[in-house]
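Visitor: quick one, what's the 3D model for this:
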Amino acid sequence: QEMAEPPGLGDERGEGAPGAPALASPCLADNRLNLDVYPDGCSHFLQLLEQHQGDLAQVEFVRLSSNDHLLGTALDILPRLQSLKSLVLKGGHARDEFGSWQPGLLTSLPPDLGSLRCLTHLDLSFNRLSTLPSCIPHLQSLRALLVSHNSLEALPENFGCLRKLTFFSAMSNQLKSLPRSIGELAALQDLDLSGNALEHLPEEVGNLHSCTELDLSGNRLSSIPDSLANLKCLRRLHLHSNLLVTVPASLASLPNLSRLDLQNNRLRAVPPEIQSSPCARLRGNPLGQSEPAPPPDEPSARRLQRLFLASGEDSFTVTSEGCKVVLACGIRFYFPPGAASVPLRIHFRTLAPDPRWVRLRHHDVLLSTVLELQPHGLEFQQEVEIWMPFASPQTLHQREVVVRTFSGQSWSDLRTKVEQKKSKKHVACCSVLHFSWFLVVSRLVENECKVPAEGTLLFSSVDPDIKVIFPPGVTEETRSVKMQVLPISAEEVEEITADAACRASPLLCLSQDRPVDFLRPVRIQLPLPLGVTGLNLDRSRLHLLHGDLQGQTWNDITSQVVLEFTHLYAIFEVTHFSWYWLWYTTKTYIGGIAKKVYERLRMYQVNFIALQRKKDPEQVLLQCVPKHKVDPVLKKLQDRYRGPEPSDMVEMFEGEQFFAAFERGISIDMDRPDCVDGRLSFIFYSHLKNMKEIYVTSPVDRKGQAVKGQVSFYRGAVPESIPEGASRRRKGPDSLWLATLPIKLPRLKSRSGDNSSALNSFSFPPLNLGNAETGYLTQANLLSIARRVGGDWQTIGLNLGLTYQQIERIGYNHREDLDKQILDMLFSWAKQNSEDPECVEKLITAMKESGRQDIADEIEAIIELGRQKYRESIRRVGL
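Guide: Numbers count the residues shown, from 1 in each chain. Next up is the predicted model:
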């Protein structure tokens, strides 16, 4: 419905800084002003007004970027353009440092804009509108209105005044209801309300007799009115991704309907008329109804059932017919027909990686959490495909991504295919015959070959100049050999050694599947360090180092081997495999220097941040951030959080444990399973979010003054994989300290009537949600949760299933006491749902849907702690 991009500006875009004279002639000749292509288009608009005021009054089409800082001044002038037919004030013309589109600056329109009697097309998409500007219903000639990607919560009651409107898009807003006057839009043909928060539709929607396409997908509709059957012109009806439990059978009688999309709902009853309709799409409902059978000529792959699981589900059933499964977290499965001979229930869960059993190899980088699939060990008849999304590494050059699986005793890498989706997210795919634990890692590129008795040649795909030659008779039985290469830049060596004369070749690691040495020497070719050639080589400065597999010891074996040199390469022979490294330096004790460099290559430079939420200073965000990501992360959080500058830089290993301890009068407010002796436990993984958001409290009375405390970060137990030298430096209590950042809890303000005591004085009967085995949520827990809710209580209540009438009644009964409104809402819901075994999961889901992931995390932590205590008590009594 947008106007086509007019010709006339394409020639000017390639010129230098455009000025008004250069723009005026071609633009005004066609009565069009497409100034949103310029970063300062509003400035050009104002210049044109001054220089060509008479011509400008005849302009019919105007496009301005709402990201322009002069937009407000330009808006005041627009009502003068009485010939204007099309006005586009879209945002999204600027991006932030993460590449995301920035919404426009538009929050309202001048009231006299409603005097534009010729205006037929108005596009205000990608802006910051929270209400529809009051001038819009007065635009009597308006035919197309686009307000998508704003923050609209409601439409005005007089919206039906737009009698000529044929196209209306309000997708991706926050609309919760529609005015009854929407049924007065008799000319409306295309209505897009997708991606909102609609819970019900007025019956008057059935009066849109000219409507041919209606998109209501991505809302919270549990039912739709029967009056939709009156839309005889309707061709496409989109209702997917709602909460529908039933639909009227009369929809099947719409004469022109070619598509009825009901996928991803909660359909409990599907009328036969709809189920047999060729236009209906019914996949993805929780009860497993499949879509109508495809025509006989359709490929069999499309006949597979597709299951879309919600965030609260943890299992699904696979039959011999096969299926495709998509989890809420983005993990996908493909079970081909015949993979399971009998119906099989698959259970899954994602786990935080624990370095005690997730053992990373040197230079590995963890890219995902751990996926556990049960039943373990059961073998499928055909391979099952698993697609796992992962955090994209900084670079895939000279590294490769693999899925790693745990057999119960050891980890092994699977053959992996990596793809990048349209959303730019990376996924790793592997095929397996049985289920266990899976994760995604980035490792050094691994080249592998089989070495027969006749010998062979192996070279590196990272650096083809690195070769290993196996002569005939090198082995009696075929062996498997692996090669990995770690390139090292001259800048890295110079920075670590502080010696510009030091040079090093790529680091070569060789391994094999046999414990015995080769029968004949194996010939290895390594490139000489950068800047060194066979012509200028000083042999006294060249050292060949041999390291053990853990990189703990580096021995100079230059005198033990015969080194040959060409113009670019060094060649030598060995009989056993490990790390090999060429160094060119004047230093004598090169082994210690190599150990230091190798150790540093495995470490990450990080900073700690501690931020407090602006609206609730008791909510603290702690994060360990790699040095190069600190500025983007802080910029992303600055609108919601404040706090001190990041800590000084420290160095950490992948998979290293560290703790956060609140000190000087501040402590963690809630018992958590990740607390050890009052300290919050973290595991550092460079490509995963090392972030936790918690609530803190102070035993000190804060009515009189603020509490100035701090949070300190300490290293945990020394990991087994850390080199001995680094381990020795970290012994002793002082060496465990990493950083300290200040935390300030403000002075509490006294409120009239002492409303702050409402959390303790409000009386309800004792409640325990959940059960002992899955974890209780007690009355004390609910009181603690209530303290966090704040102004979001209405949204949370609606997502918990309370009606608008209940919310309004609670708000009226306690209209001057926010704490009592929160308590009444939360405990009323808890009392009604205390017998529901899934009530705790519903509470967590409601918090997430309300944008309160922090509270959802707290509830999950409470439940996990309860499960742990229950399991410990069972073990103690021997059950």
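Visitor: CA atoms for contacts and neighbours, from now on please.
Guide: Fine.
Visitor: any low-confidence regions in the stretch 201-350 of the chain?
Guide: Where the stretch 201-350 of the chain drops to pLDDT under 70, the residues are 268, 284-303, 311-312.
Visitor: go again using 90 as the cut-off
Guide: Along the stretch 201-350 of the chain, the model assigns pLDDT under 90 to residues 217-223, 226, 229, 239-322, 326-330, 338, 340-347, 349-350.
Visitor: doesn't residue 137 lie inside a strand?
Guide: No. Residue 137 sits outside any strand when classified using DSSP: H, G, I helix; E, B strand; the rest coil, being helix.
Visitor: can you pull the pLDDT of it?
Guide: Predicted confidence (pLDDT) at residue 137: the value is 92.
Visitor: ok, it touching residue 159?
Guide: Yes. Contact criterion CA atoms under 8 Å: residue 137 and residue 159 qualify, at 5.7 Å.
Visitor: chain center to whichever helix or strand residue 595 is part of: distance?
Guide: Here residue 595, judged by DSSP states H and E, is contained in helix 590-601. Relative to the centre of its chain, helix 590-601 is centred 37 Å away, using CA atoms, centre = their mean, to the nearest Å.
Visitor: still on that earlier bit, okay, residue 137 and residue 159: which has more neighbours?
Guide: Shown here are residue 137 and residue 159; by other CA atoms under 10 Å, residue 159 has more neighbours (21 against 18).
Visitor: tell me who's in contact with that one.
Guide: 137, 179, 181, 182 (CA atoms under 8 Å, 6 or more residues apart in numbering).
Visitor: can you report how many residues lie near the third one?
Guide: Other residues within reach of residue 181 by the criterion other CA under 10 Å amount to 17.
Visitor: swap in the last one?
Guide: One way to gauge burial is a neighbour count; for residue 182, by other CA under 10 Å, it gives 25.
Visitor: over to the second one?
Guide: The burial count assigned to residue 179 is 17, neighbours taken as other CA under 10 Å.
Visitor: what's the residue nearest to it when sequence neighbours are not counted sitting at in phi/psi?
Guide: What sits nearest to residue 179 in space, not counting adjacent residues and going by CA to CA, 6 or more residues apart in numbering, is residue 157, at 5.4 Å. Per-residue torsions, residue 157: phi -70, psi -30 (degrees, to the nearest 10).
Visitor: residues contacting residue 157?
Guide: Residue 157 is in contact with 179, 180, 181, counting by CA under 8 Å, 6+ apart.
Visitor: now swap in residue 43 and tell me
Guide: With contact taken as CA under 8 Å, 6+ apart, residue 43 is in contact with residue 70.
Visitor: ok, back up a step: other SSEs contacting the helix holding residue 595?
Guide: Here helix 590-601 touches helix 490-497, strand 554-556, going by 3 or more CA pairs under 8 Å, 6 or more residues apart in numbering; DSSP states H and E.
Visitor: partners of the shortest one in the sheet?
Guide: Okay, so that is strand 554-556. Within its sheet, and counting by DSSP bridges, strand 554-556 is paired with strand 542-547 (antiparallel).
Visitor: quick one on the thing from earlier: now, which of the contacts of residue 159 sits nearest residue 592?
Guide: residue 179 (76.6 Å; CA to CA).
Visitor: tell me if I'm right that the closest one and residue 161 touch.
Guide: No. Taking contacts as CA under 8 Å, residue 179 lies outside contact range of residue 161: 11.8 Å.
Visitor: not counting sequence-adjacent ones, nearest residue to residue 46?
Guide: Using CA to CA, 6+ apart and skipping residues adjacent in sequence, the residue nearest residue 46 is residue 74, 6.8 Å away.
Visitor: so after whatever helix or strand that neighbour lives in, what's the next helix or strand?
Guide: Residue 74 belongs to helix 71-77 when assigned by DSSP H and E. Scanning forward in sequence from helix 71-77 by DSSP H and E, the next helix or strand is strand 86-88.
Visitor: list the strands paired with that next one, with their directions.
Guide: Here strand 86-88 is paired, per DSSP bridges, with strand 61-63 (parallel), strand 121-123 (parallel).
Visitor: just checking, what packs against the helix holding residue 74?
Guide: Helix 71-77 packs on helix 41-51, going by 3+ CA pairs under 8 Å, 6+ apart.
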